[in-house]
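**Student:** here is the input, now give the coordinates:
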Amino acid sequence: MNKIYLTTIAALVLIIAFGTYKFMIQGSVEESQDGRLSLQLDAGERDLVLMEMRVFLENVQKITQAITEKDMERVAEYARKVGRAAQGEIPGSLMGKLPLEFKKLGFDTHSKFDQLALDAEQLGDEQHSLTQLSVLMQNCVACHAAYRIDIAASQ
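**Tutor:** Numbers count the residues shown, from 1 in each chain. Predicted coordinates:
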């Protein structure tokens, strides 16, 4: 009887471990012909991720403009719009399809926007904000170099 319980527990632990690896670490990815990892998403999920990237880019442009105008209040406003608060809009089903490294880059990018907002308010130093923005943009470049987004074949 104890052997049956142990076998069942071992099987459940393996299933949970596989599920955790698949949905929390690996995500739904395939190797692509251009050497990047292809995120396999449905059309709506792809549109959502691309929209978030466009919002990042739009706010980077606004931040850059505000820096040139020495308007640190607007720098903080635009940076905060794409900070951690924006993360809550991503559905859990999509998060399960994204590989861990992609999620880390995304979380780090949101955090960097929040830090940029905070420093813009507290320091008011345009050069510091520009340096932070340059470092933040390295995340964008790294992500686009490592990943592409395709519609899953089941679509």
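**Student:** pLDDT averaged over the lengthiest helix in the chain, what's the number?
**Tutor:** Under DSSP state H, the helix in the chain containing the largest number of residues is helix 43-68. Mean pLDDT, computed over helix 43-68, is 96.
**Student:** quick one: buried residues of that helix?
**Tutor:** Using 16 or more other C-beta atoms under 10 Å as the test for burial, helix 43-68 gives Glu45, Arg46, Leu48, Val49, Glu52, Phe56, Asn59, Val60, Lys62, Ile63, Ala66, Ile67. From N, CA and C alone the C-beta is placed, and that goes for glycine too.
**Student:** is it correct that the third one is in contact with Met95?
**Tutor:** Pointing back at Leu48 there. No - counting by C-beta atoms under 8 Å, Leu48 stays clear of Met95, with 11.2 Å between them.
**Student:** nearest the middle, which residue of this structure would you pick?
**Tutor:** In the chain, the residue lying closest to the centroid (C-alpha atoms, centre = their mean) is Gly106, at 2.1 Å.
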